[in-house]
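Trainee: how would this look folded up:
(chains A and B)
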Amino acid sequence: MFRHQSVPGRVISQLLVLLTLALLLAPLALIIAISLQGEGATNYVAVLSDTPFARFFANSLIISVTTVLLVLACSISAAYAVATLQPRGSHVAMILILAGMSLPAIALVVPLFYVTQTLGLLNTYWAVIIPLTAVSIPFGALVATNYIRALPVELYEAARIDGASNWAYFTRILIPVSRPILAVIAIFTFLAAWNEYLLPLIFIQSTDMQVLTQVPNYFQSQRLVDTPKVFAASVLISSPIVIAYIVMQRLFRQGMSAGAVK
Amino acid sequence: MRSATITTTAVPSAPPAAASRAASRRRVPIGTYAYLAPALLLVVGVVHLGIIANVGYSTLDWNGLSANATVVGADNYVQMLADPTFWIAFRNTFVFAAATVVLQAALGFLIAVLVRTRVALRGLLRTVAFIPVVIAPAVVATSFRFLLTPDGTVNAVLSAVLGRPIDQAWLADPSTALATIIAINIWQYTGYSFLIYDAALGQVDASVIEAARIDGASTGQLVRHVLAPMLWGSHLVLIVLGVIGALKTFDLVYLTTAGGPGNTTQVLSSYIYKQVIAQFHAGYGAALSVALVAIAMVFAVLQVRLSTKEAS
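Mentor: Here you go, the predicted structure:
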């Protein structure tokens, strides 16, 4: 697009690229460098052995995967009803669902805490999964509905004429056809769930049930703050998601720019 | 509407779509609603009932746990309007929103233009710009808190570069704390603005650029007078999402300053947390939550409007 720059223009562009790269990478490089201070790679071993890291990892995975599956199921089926089946009142239902869009979860902390406490759900996965799913559905339902509306109408009509039930069309045609948008919703929801900090902070107090984003605190709750180990923990927590991003860049970009609901 | 666009040529005997849809609706009405039910129940059950409950709780003097609560009517709202910390949090939330939206958009746009010039390492920049976006804000906040202490690594690097000792307590000094939090957010999320502009620039018609070039426009003029005005859709999306993001920002503030020193970096979310979880002022926290929801609603409506317009 800007292939025809003058020579000084190109020099300035190149310098700006180098400066931007330096600013973006410097904190990451510092974090990795500090994580190796003191006892070197032993810091990483210590994080893995001194904390229930595997347990935290499993907890994060259970919460994230369950949330993603619930959001996918709820979003695609609601979108199918709103975009294709259109029963009476589905438009109002969609407005109600979309009203939950972009709601900061902190604004629900008082009722959530009371209900969670009353139902005895504190320190359970559900205390995190249910609110996380509820606040993630509006976005998923919105992009899924937009996607289904853009499909050719003949797809549904032809299947129905061929004798397929609504359910058969949903499971055998719509879901396979919607794989691209499901991938987008999955990425977006997984990232939000994996990185979630507030809900586990409030609803999960027992060490057994904690999630990865709470690991850095683990080294600060003890008397001595062990900076290199905090950083080693940060690197270990971030690596899976950063590697996943680098491997699946296109999917991540699509998923995250759909967050802008383009 | 949709039925008007349906062609029946493929299956000549096909009944009109609306009729078949109406027929199937009559046959399995319950089944049809079952597709809507899970999403609707979860959102209404958690979000809508939660907001309604908040309105109720906001009229109470209550610790959030016990069965004992005193009805105080609108007292919590009166208290809120007279509470200087609420106004600090309110102001900080919007200072944070304005500063991050404007600076992230400007820098993101700059990077989007840079990766389209003939420079080396532009592929790497494209990849690297987005790495901070996928890292947990909780991890980013914790890491920067350690990097930014008076004897931390950032000051060490600055001292070496500037040739004089720097011992600024970036996050503990009220005069720099909020700006530092904003800077951390910009580091983390400029890649997001970049992504949006990069996608939009990819759709700009090459002939527009050529025409401007033929007219003798410099790169600077091209960017300022041709491209920036064309990208209003992206600017709007980033403004709306940026404000929503600011309203949601909790981890970054809580894990760097926890709203301090004093209450100088308190934002609405961290102040609600402090009132409800740390001080058991659930009734007052509910009133603060109602205020936050009211603000968020405005921007949620804008977000839905934008998305529906662009999708159609």
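
Trainee: Could you use CA atoms for every contact and neighbour count after this?
Mentor: Fine.

Trainee: What number of neighbouring residues does residue 192 come out with?
Mentor: No chain in the question, so chain A it is. For residue A:192, the neighbour count with other C-alpha atoms under 10 Å in any protein chain shown is 18.

Trainee: let's do chain B instead
Mentor: With other C-alpha under 10 Å as criterion, residue B:192 counts 25.

Trainee: Please see if the helix or strand that contains it touches chain A.
Mentor: Using DSSP states H and E, residue B:192 sits within helix B:177-202. Yes: shown here: helix B:177-202 in contact with chain A (C-alpha under 8 Å from any C-alpha of the partner chain) through B:187, B:192, B:195-196.

Trainee: Can you tell me which helices and strands that helix packs against?
Mentor: Counting contacts by 3 or more C-alpha pairs under 8 Å, 6 or more residues apart in numbering or on different chains; DSSP states H and E, helix B:177-202 packs against helix A:249-258, helix B:84-114, helix B:131-134, helix B:137-147, helix B:232-248, helix B:251-256.

Trainee: which intervals of the chain have sub-threshold pLDDT?
Mentor: Because you didn't say which chain, this covers chain A. A:1-4, A:221-224, A:259-262 (pLDDT under 70).

Trainee: Oops, wrong one, chain B.
Mentor: Ranges of chain B meeting pLDDT under 70: B:1-29, B:309-312.

Trainee: rewinding a little: kindly reformat the helices and strands packed on helix B:177-202 as CSV containing mean neighbour count and distance to residue B:43.
Mentor: Below are those laid out as CSV (neighbours: other C-alpha atoms under 10 Å in any protein chain shown; distance: least, C-alpha to C-alpha, whole Å):
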stretch, mean neighbour count, distance to residue B:43
helix A:249-258, 18, 21
helix B:84-114, 20, 26
helix B:131-134, 22, 26
helix B:137-147, 23, 25
helix B:232-248, 20, 18
helix B:251-256, 23, 24
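
Trainee: and the stretch 101-250 of chain B, which residues reach chain A?
Mentor: Residues of the stretch 101-250 of chain B lying near chain A (C-alpha under 8 Å from any C-alpha): B:111, B:113-114, B:116-122, B:125, B:127-129, B:131-132, B:134-139, B:142-143, B:146, B:153, B:187, B:192, B:195-196, B:206, B:209, B:219, B:237-238, B:241, B:244, B:247-248, B:250.

Trainee: Report the buried members of the residues of helix B:177-202 next to chain A.
Mentor: Buried by 16 or more other C-alpha atoms under 10 Å in any protein chain shown: B:187, B:192, B:195-196, out of the residues of helix B:177-202 next to chain A.

Trainee: and the angle for the helix holding residue B:192 with helix B:232-248?
Mentor: 150 degrees (axes from the mean of the first three to the mean of the last three C-alpha atoms, to 10 degrees).

Trainee: hang on, the earlier thing: how about the helices and strands packed on helix B:177-202, which one is nearest residue B:179?
Mentor: helix B:84-114 (8.4 Å; C-alpha to C-alpha).

Trainee: how much space is there between residue B:262 and residue B:271?
Mentor: Using C-alpha to C-alpha, to the nearest Å, we find residue B:262 at a distance of 12 Å from residue B:271.

Trainee: Also residue A:137?
Mentor: Distance of residue A:137 to residue B:271, given as C-alpha to C-alpha: 26 Å.

Trainee: got it, and residue B:106?
Mentor: For residue B:106 relative to residue B:271 (C-alpha to C-alpha), the value is 30 Å.

Trainee: Check residue B:296 too.
Mentor: In terms of C-alpha to C-alpha, residue B:296 sits 16 Å off from residue B:271.

Trainee: Reformat the helices and strands packed on helix B:177-202 as a markdown table; add distance to residue B:56.
Mentor: Output for the helices and strands packed on helix B:177-202, formatted as a markdown table (distance: least, C-alpha to C-alpha, whole Å):
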| stretch | distance to residue B:56 |
| --- | --- |
| helix A:249-258 | 36 |
| helix B:84-114 | 20 |
| helix B:131-134 | 37 |
| helix B:137-147 | 32 |
| helix B:232-248 | 22 |
| helix B:251-256 | 27 |
